[in-house]
Each structure stands twice: as structure tokens, then as C-alpha cells.
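Chemist: Dropping the sequence and predicted coords here.
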Amino acid sequence: MKSRFCWLAIVLMFTHVAKIQSQTAPNIKDSLTLHRTSSPHGDVSTGQMTVFENRQAGSGRQLQLDVVVLHANGANPNPDPMFVLLGGPGLAAAGHYQSYQQSWMREDRDLVFVSQRGTGGSNRLDFPTPHKKAGPQQYLDPFFDPGAAPYAIEQLSRRADLRMYSTPLAMDDLNDVRRALGYDKINLIGGSYGTRAALIYLRRHGETVRTAILNGVAPIEFTNPLYHARSAQAALEKIFQRVEADEIYQEAFPDLRQKFEQVLQRFDEGPIDVTYTADDGQRISVQLSREAFATALRFQMYYMNTSRMVPAQIHHAHRGNFQPFVESAIERNRALSNAVAMGMLLCVTAAEDVARIDPKSIEALTRDTFLGDTRVRRQMAVCRHWPKSELPPNFGEPVRSDVPTLILSGTIDPVTPPEWGDIVAKNFPNSLHIVAPAAHGVGGACIDHIQRAFLNRGTVAGLDTSCVDKLKLPPLYLPKEEF
């Protein structure tokens, strides 16, 4: 069965208007307007928070940030809500609230989603290009074209000051939403880049945080995308080891390492022409370059349902059949392009990550990897002239906090492996780092049980994590199985 990536759109339902009053800050109360309605899964409030693009000036262009509150369904909800921080950077949190409507977290707490500046609302920042290709081929081309950067900057700068879209500014926006909603203490739950956002919030507004859950940690020390190649290679190595340790997989995928190297060698003569059948039955021809192949393979290893396909897709590609790989790559990259505001991603990474990369470190961190140095050098080229935010002087220092924090890492995560969780845990004395069999993002009944206990108790002390010892990676797809 082909994998499907469904990005839920935000649905605004209007029945009556209720302005949220703040007891802590004048003017804040007039900045947030929510519309509350009932749904089959409980009450939902949707609306917008108005903030100044230039927070320091407190004047000029204003931004409307989408806000959604999933109200707690319990009769006696706790006063401290969950603020949900999504990844990217570039995902609009308020646009994905529907997948949380039946979450266990909602039983006792409100869930709050705020679309970070630049991701949605009145100012989504994409990466416009002067000559964007049409059709599926565009989803096999690089996400970042250095040649298109001047055009993108010129177009976006007509409606945005690109220096005003940093994580610290966004976390100050988030605190404004907290104040406007009247919450004293909140709980943070973040995944991927959302963990970076949570860490910055903890640094700037830690006194307002009761607990934090960080899933797939990208700390300050993680300079995106410098470590992508090394982490992806390590994840692929674990897949190879898994195949080599199991007789059934050995029989299904003999000499998988060597076959993968032979697949890569096929790109030495240039892109490979691939014809596949689209969902409407149309036969479509595209070109698959080595860069596109490597990039798509890295993304495929992000999630378990697609990571399980990797050996079988290498097996088919070695036989000259790239169709299954191309089909899933186009579908995945299309979903990513639609969901992530790439211009906002560049606003964040240009100053916060790329500017801190030592070019001398690239060769050592990308040597002998299937991804190579193309991604990091391409993003550095785009960011070279991108307007950069002014960051706090201590931005590059590790975040330290006494807030009780649950840290979750996956054993075969190709982007934020457990080493990054260890780095954060060193500076969080009240933390617990759990490493579970998973890819990018740890979940399931066992992890939910641990998270629920953690939130109820407000401490990692005495948590029962024994169920993690029983967890196993799901089986790999075999060559004869349909994806």
C-alpha cells in the first residue's frame, strides 16, 4: 500500500466571538480574538493574535498569527495547558490541530497551537523562484536554488522584514499568546525544530513553564544542516546492520551494502530517466539525479512507515527499477513543499545555524556519506546574502534549565539521533532521556503512558519506563510486498 501523507488544513468555524481578557498585561487583551464553537470532539477556539513584526520598535507592520485552542474535555481540567510546537522550521502549528482533537492530552488540559511568524496567518514566507518548473519533476529538484535567492529575497522583502523572523522573536510572540489567554504556567511539547523553539522559550520565559517534553532534539549546538549527512549515514548503517543480523532479511536482501554502492555508482554518468504511473493512470517521465536520490532517501528514513521500505527500494533500484522510490519521493517531497514555509526556514537557519557553521568542519562531517556536502553547501550559498536576524549575545550558548523535562530520542533517527538528547540532558538536572526503538519522533502506547505519568506528576523522578525495554522496531518490508 502506498504511503500517504495527509497534512490537515485548518478549519475555521464561527458561531460567536469571545475576546480573551488578560489580567497581566494591558493592551494584550485586545490583540487576541478567538471564536469558540462546539465540535464532535469537544470545544474549539480559532482566531488570530496580532503582534508587531518589529517587536522592539512596537510599531509599524503588524502580523496576524493563527491560534487554535482545543479546550480540555474533562470536567475539572488542569489550569496549565499544553503548548504544541511543531518542526521544520516552517510548519504552521495551527494548521495541524485536527490530528490532536482526540489526543489523550486533551482529557485534562487545553491544547494550544500558535502558527509561528512566517508560517501562516497573514505572512507565510515561501521561497519564490522566477522560473519554477511545473509537474512532478519540481519535487525531485533541490529545495534551495542559490541562483534564485536574490529573486526570493526581493519578492519577500516587499511584504516582510526578513530579519524579524527568528526563533527568539517567535517565542516572545508565544509568551504574548500565553498572557492573552490568561495562563500562569504552561507545559511545552515540541518535536524536531519544535524542540529548539521550546529550548529558546525556556531560556527567555522559563519561569512560566511547568514541564517540557522534547521529542527528537535539535539543541543550540545542532547547526542545521551541518550534521545531516553524518546522521543520515549512521541511520542507514543501522538499517544495514539490522538486515545482516537477521537470516530472513539476509536472504531477502543479500549484499545490500554493496548493492547500495552500485546504485550510487549508476549516477556517475548523470541523472537516470524514470517512468512511473501517477494516481490518475498517466505515465510520467522524470529525471532522478544523485542529489535527488540521496535527499529523498534521507527524508524516507525520517518515519518508521517509510524507513521500513529502504532495503526493498534499494533492492528494486539495484535491479534497475527506480519506480517505487520515485513515486514515494515525489509524494513525500510534494507534501513537504506544501507544508513547510521555506522562506521562513531560511530566515531562521541563516542567522541561527548557517552563520555559525565553520566551513572547515564540512569536509570531515560529510566524508564517506551518501548525502555528501551538497546540501550544506547549497544552503550556505542561499543564506550567504539572506537578511539575518540580530540574535541575543548568548544565543550560541547551551540552554540550561531546572524545569522538569522529558527527552525522547529514536535509535535510528536520521536527523536528530540520541547524542543530541544527551547534550541537552547534561544541562537539565531535572530531566530524563529515553531512547526507544524508533526513527524521527518517538510515539506509541508505551511512550504515551510515560508522558501521561510525567505530566500528572510534574517530575521525572520515579517514572516507570520499563515498557520501553519491550519495544521493538517494526518488521522491514520484503521485496514481494507492496508498499
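Modeler: Arrived safely, thanks for sending.
Chemist: Please enumerate the strands of the stretch 51-200 of the chain.
Modeler: 62-70, 82-85, 111-114, 186-191 (DSSP state E, counting those that start in this stretch).
Chemist: Export those strands as a markdown table, with columns for mean neighbour count.
Modeler: Placement of C-beta: from N, CA and C, glycine included. A markdown table is the format used below for these (neighbours: other C-beta atoms under 10 Å):
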| stretch | mean neighbour count |
| --- | --- |
| strand 62-70 | 23 |
| strand 82-85 | 27 |
| strand 111-114 | 25 |
| strand 186-191 | 24 |
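Chemist: Now do the contacts for Asn430.
Modeler: Residues near Asn430 by C-beta atoms under 8 Å, 6 or more residues apart in numbering: 402-405, 459-460.
Chemist: Those residues into JSON lines, with extra columns for distance to Asp80 and neighbour count?
Modeler: Below are the contacts of Asn430 laid out as JSON lines (distance: C-beta to C-beta, whole Å; neighbours: other C-beta atoms under 10 Å):
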{"residue": "Asp402", "distance to Asp80": "17", "neighbour count": "11"}
{"residue": "Val403", "distance to Asp80": "12", "neighbour count": "19"}
{"residue": "Pro404", "distance to Asp80": "12", "neighbour count": "23"}
{"residue": "Thr405", "distance to Asp80": "15", "neighbour count": "25"}
{"residue": "Thr459", "distance to Asp80": "14", "neighbour count": "14"}
{"residue": "Val460", "distance to Asp80": "17", "neighbour count": "21"}
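Chemist: nearest to Asp145, of those?
Modeler: Asp145 lies nearest to Thr405 out of the contacts of Asn430, by C-beta to C-beta, at 38.6 Å.
Chemist: how close does that closest one get to Asn427?
Modeler: Counting by C-beta to C-beta, to the nearest Å, the gap from Thr405 to Asn427 is 10 Å.
Chemist: before we move on, what about Ala212?
Modeler: Distance from Ala212 to Asn427, counting by C-beta to C-beta: 13 Å.
Chemist: Next: Arg55.
Modeler: 27 Å.
Chemist: ok, now Leu91?
Modeler: Taking C-beta to C-beta, one finds Leu91 at 26 Å from Asn427.
Chemist: ok, these two, which is more surrounded?
Modeler: Leu91 (25 against 15; other C-beta atoms under 10 Å).
Chemist: Tell me which residues touch that one, please.
Modeler: Residues near Leu91 by C-beta under 8 Å, 6+ apart: 119, 193, 339-341.
Chemist: Isn't Thr459 up against Pro404?
Modeler: Yes - counting by C-beta atoms under 8 Å, Thr459 touches Pro404, with 5.0 Å between them.
Chemist: host element of Asp273?
Modeler: Using DSSP states H and E, Asp273 sits in strand 272-277.
Chemist: for the following helix or strand past that strand, the distance to its chain's centre please.
Modeler: Counting by DSSP H and E, the next helix or strand C-terminal to strand 272-277 is strand 283-288. Distance of strand 283-288 from the chain centroid (C-alpha atoms, centre = their mean, to the nearest Å) equals 28 Å.
Chemist: follow-up on the earlier one: each with direction, which strands does the strand holding Asp273 pair with?
Modeler: Partners of strand 272-277 in the sheet, by DSSP bridges, are strand 283-288 (antiparallel).
Chemist: Show me where this structure dips below the pLDDT cut-off.
Modeler: 1-27, 132-133, 481-483 (pLDDT under 70).
Chemist: re earlier: looking at the contacts of Asn430, which one is closest to Thr208?
Modeler: Looking across the contacts of Asn430 and measuring by C-beta to C-beta, the closest to Thr208 is Val403, at 9.8 Å.
Chemist: my read is the closest one is in a helix, agree?
Modeler: No - with DSSP: H, G, I helix; E, B strand; the rest coil as the criterion, Val403 is located in coil rather than a helix.
Chemist: Enumerate every residue touching the residue lying closest to it once chain neighbours are set aside.
Modeler: Counting by C-beta to C-beta, 6 or more residues apart in numbering, Val209 is the residue found nearest to Val403 once chain neighbours are left out, at 5.0 Å. Val209 makes contacts with 185-188, 201-202, 401, 403, as judged by C-beta under 8 Å, 6+ apart.
Chemist: would JSON lines of those with distance to Ser39 be doable?
Modeler: As requested, the contacts of Val209 are arranged in JSON lines below (distance: C-beta to C-beta, whole Å):
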{"residue": "Lys185", "distance to Ser39": "27"}
{"residue": "Ile186", "distance to Ser39": "23"}
{"residue": "Asn187", "distance to Ser39": "23"}
{"residue": "Leu188", "distance to Ser39": "25"}
{"residue": "Tyr201", "distance to Ser39": "28"}
{"residue": "Leu202", "distance to Ser39": "32"}
{"residue": "Ser401", "distance to Ser39": "35"}
{"residue": "Val403", "distance to Ser39": "32"}
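Chemist: So Met49, which state does it fall into?
Modeler: strand.
Chemist: Enumerate the beta-bridge partners assigned to it.
Modeler: Bridge pairing for Met49 - DSSP bridges - gives Leu32, Leu65.
Chemist: What distance do you get for the residue nearest to Gly47 when sequence neighbours are not counted to Gln48?
Modeler: Using C-beta to C-beta, 6+ apart and skipping the chain neighbours, the partner closest in space to Gly47 is Leu34 (3.8 Å). According to C-beta to C-beta, Leu34 and Gln48 sit 8 Å apart.
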